[in-house]
Every structure is written in structure tokens, then in C-alpha cells.
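> Any chance you can model this:
(one chain, ligands or ions: 1)
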Amino acid sequence: MHSFLSHLECSWTGERFDPDQLINLSPAGKPLLARYDLEAARRAFPREALADRPPTLWRYAEMLPVRDPAFRLSLGEGFTPLLPLSRLGADLGLPHLLAKEEGLNPTASFKARGLCLAVSRAAELGAKALAIPTAGNAGSAMAAYAARAGLPAYIYVPQDVPRPFVAEMKALGAQVTLVDGLITDCARFVREGVAEGRWFDVSTLKEPYRVEGKKTMGYELAEQLGWRLPDVIVYPTGGGTGIVGMWKAFAEMEALGWIGPQRPRMVSVQSAGCAPIVRAFQAGQRLAEPWQGAATVADGLRVPAAIGDFLIIDALRESGGTAVAVDDEELCQDMRALGRLEGLFPAPEAAATLSALRHLVADGWVRPDETVVLFLTGNGLKYTHLID
Ligand SMILES: *Cc1c(COP(=O)(O)O)cnc(C)c1O
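The predicted structure is shown next:
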């Protein structure tokens, strides 16, 4: 199971870089993406090889960047269930409605996938300490994997973050700093520490490997659906690594000969109180203006500016997808709808996918015969303040 990682590529200019160095953004200030020797991988890594591998994201190790198996940290992340939502589906007139239950990951969100890879690879490349600006879940996931790697973890989080996150991060051994401001203000503290040589920055899309962890959601979806992809994927978007990662996974799997050219329509969901990607998509732009006065109860969606904006928007357009903003009241109601009707307790960001789907069904954008997957990106237990 050796990695076929070959080089890093600037997502803006296409310029190539050595992957075996600790690195953040490209000289153009844009995300670097990991590239693999797909021809060699196509010969050496048939999808049948997966059959008897353990049910974690490391089953795709050849298409992941960590070279030395000793650095492949694991807390059992990935290979989450793809559950039929038959009662909600009946309500909505969608008999093929599914949920990818990402709340079952370590630290209860899909952030575990990205940080599992980012921390593993940073440790392999010799990082001595790690720092992150976060709305909550990314910090918890980083703390868990940093503990596993024996690396100090420094977390900067808005001071209004729900208390369970702070308790979790501290219990996992991280140094937590509460910041008076948004995630973008937290990022300033992390940048200052980078300039002083205090730590390596594992912010979303500011290092190349969180997106590699997130892309495994795309691999799993194909594997769990018998090497077909759904018609529509509905995804809550903050920094956007989930959409960018899955879109990358589909291209890789086609190059590996695992799937054909068919692609799902990708739907990005944001909160009406912070919807820079929705606004840019609807205005026909490729780069998103920063959102002023960002406010939403879905903390993971309170990201006023995303460095990978053009990658998210490109994926939406190329897929024939769309972008939808939903109100906080709707998504809070849909936290309960998923609980009452399906026995799931999603985070507010995750519940927003159901609210968005209601709009898409009402508009006729989703047809009754289509297979739709809602990404339930996190569990609701850290957000009990939203339920009375
Ligand atoms: C961070 C987060 C999101 C947003 O994910 P991105 O990949 O940053 O767009 C969605 N849901 C939950 C539960 C999150 O923690």
C-alpha cells in the first residue's frame, strides 16, 4: 500500500512543486493540490484490492499522500454509513434519498478526515507543532490527531463557540485561545505564529492535505453505491474542502478506471447570514467577495471568505449544480425533523442540507426519480443550546 503521490500543483497557475516538504500556499497565494502517478496507480491499484481492507479512510492509502505507514494516524475515521432516509424521502416524494452519516467520525464530524491526513503528513514531514483557526469541529479534530502524533496543538476559536467544543479541545490536550471575532480574525493569530516560526498552519486549503482526507468521502460514496455516483450531492459549505475534495476524487477514480464519466450535480448550501459562495455563484463570478457582518447559528458555515472559492464554484458549475442559502430557523427545524423522522441528531450545518433540499424539490430542480445524498457533516451533541 505505497502512496502514488507525485507532486503538488498550484490550483491557480498549474505550477509544480516538490511534495516532500512542509508547505502552505503556492507563491501565487492559492491552494496547492496533491497529484498522483495515476497511470502507475491504474495498473497497481484495482478497486478489487479494497475488498478485505479495514473500514477506515486508509483503505485508499495508495491515493493518499502519507508515504510511511508508521505515520498513518488512525482513530477509526471514515467509512461512515450511507443510510436510506425513507420516511423523509416519502414526505418529500424522493424514494431514493440517502444520508452520509459523518457525525460518526472521531470527534463527531467529517473534519476528522481532513485533519487525520493533514496531521499525519505534517508529522511525517517533520512539523514540531500545529496551529489552526476554527469554528469548533476542525479544532477538536486537530487536537485529537495531534495528541495521537505527540505534537503540541494550538487552537484559535471565536469566543462565542459552544462550550462543549472548548471542553473537548482541552480534554484532548490542546492550548485553546478564545478570540473576540470571527474565524478570519483567528487566522490572523495563526499567521503571526507562522511568521515567528512557532508552528505549522493547518488551516483549510492553506496546506495541501486536508482536502486529501475529505476527498475520501467521494471514494466511499462510489464504493458504497457499487461504483455508481448519485444524481445529486447536497453539501454544507464553509471553507469548501468537502466539495473540492469530492470533485477531485471523482476525477481520480475515473483516471483509475474505477468509475465512468457520469458526475453528480453538486449543491453548495450556506446560511443566509453568511453566503459568499451562493452570492458569487448566482452573480456568475468565479471569486467570492468577503461577506460583511457574518451571522449564523451554524458556526461551521460562518466563513466570510474562502481561499478555495474558485475551486468550489468551478465544481458547482462543471457539475451542473447550484448553490442555496437557507435561514437559521429552517435549519434548526430540520435538526428536529431529522431526529423525529429518521433517528439522527445532526449538527446545524448538516441539517441545512435538508432545508436546501426542500427548496430544490419545491423548485423542481430535483426530480422524484433521482438519487440524492445529504451530507450530514457532524453530530448535534455539541449544539444542544439550539434545542429547547
Ligand atoms: C466545518 C464544517 C462544515 C463546513 O465544511 P467545509 O469543508 O469547511 O466547507 C460543515 N459542517 C460541519 C459540521 C462542519 O464542522
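> do the helix or strand bottoming out on mean pLDDT in the chain and the ligand meet?
The weakest-scoring helix or strand in the chain, judged by mean pLDDT, DSSP states H and E, is helix 183-195 (a mean of 94). No: against the ligand, helix 183-195 shows no contacts by CB under 6 Å from any ligand atom, the least distance being 9.6 Å. Yep, even glycine has a C-beta here, placed from its N, CA and C like the rest.
> which residues sit against that helix?
Applying CB atoms under 8 Å, 6 or more residues apart in numbering, the contact partners of helix 183-195 are 24, 131-135, 154, 156-158, 177, 179, 199-201, 203, 290, 302-305.
> can you check stretch 365-375 too?
82, 85, 93-100, 102, 110, 217, 221, 225, 230-236, 242, 264, 322, 350, 353-354, 357, 360.
> do stretch 248-261 as well
Contacts for stretch 248-261 (CB under 8 Å, 6+ apart): 33, 36, 38, 41-42, 45-47, 63, 211, 215-219, 222, 227-229, 263.
> Out of the contacts of stretch 365-375, which end up buried?
82, 85, 94, 96-100, 102, 110, 217, 221, 230-236, 242, 264, 322, 350, 353-354, 357, 360 (16 or more other CB atoms under 10 Å).
> wait, residue 316 sits on residue 243?
Yes: counting by CB atoms under 8 Å, residue 316 touches residue 243, with 7.4 Å between them.
> Give me the nearest residue to residue 216, chain neighbours excluded.
residue 57 (4.1 Å; CB to CB, 6 or more residues apart in numbering).
> residues in contact with the one you found?
64, 77, 78, 79, 113, 116, 117, 213, 216, 220.
> Sort out for me which of the contacts of stretch 365-375 are in strands.
82, 97, 98, 99, 100, 232, 233, 234, 235, 236, 322 (DSSP state E).
> Could you measure from the closest residue in space to the third one that isn't next to it in sequence over to residue 64?
Nearest in space to residue 98, with sequence neighbours left out and distances taken as CB to CB, 6+ apart, is residue 373 at 4.8 Å. The spacing between residue 373 and residue 64, counted by CB to CB, to the nearest Å, is 22 Å.
> Could you do residue 289 as well?
In terms of CB to CB, residue 289 sits 34 Å off from residue 64.
> higher neighbour count, the two?
Neighbour totals were compared for residue 289 and residue 64, and residue 64 leads with 27 against 13 (other CB atoms under 10 Å).
> close enough to count as contact, the more buried one and residue 211?
No: using CB under 8 Å, residue 64 is not in contact with residue 211; the gap is 11.2 Å.
> what residues are up against the residue nearest to residue 357 when sequence neighbours are not counted?
Excluding the flanking residues, the one nearest residue 357 by CB to CB, 6+ apart is residue 234, at 5.6 Å. Contact analysis of residue 234 by CB under 8 Å, 6+ apart lists 267, 269, 353, 356, 357, 360, 372, 373, 374, 375.
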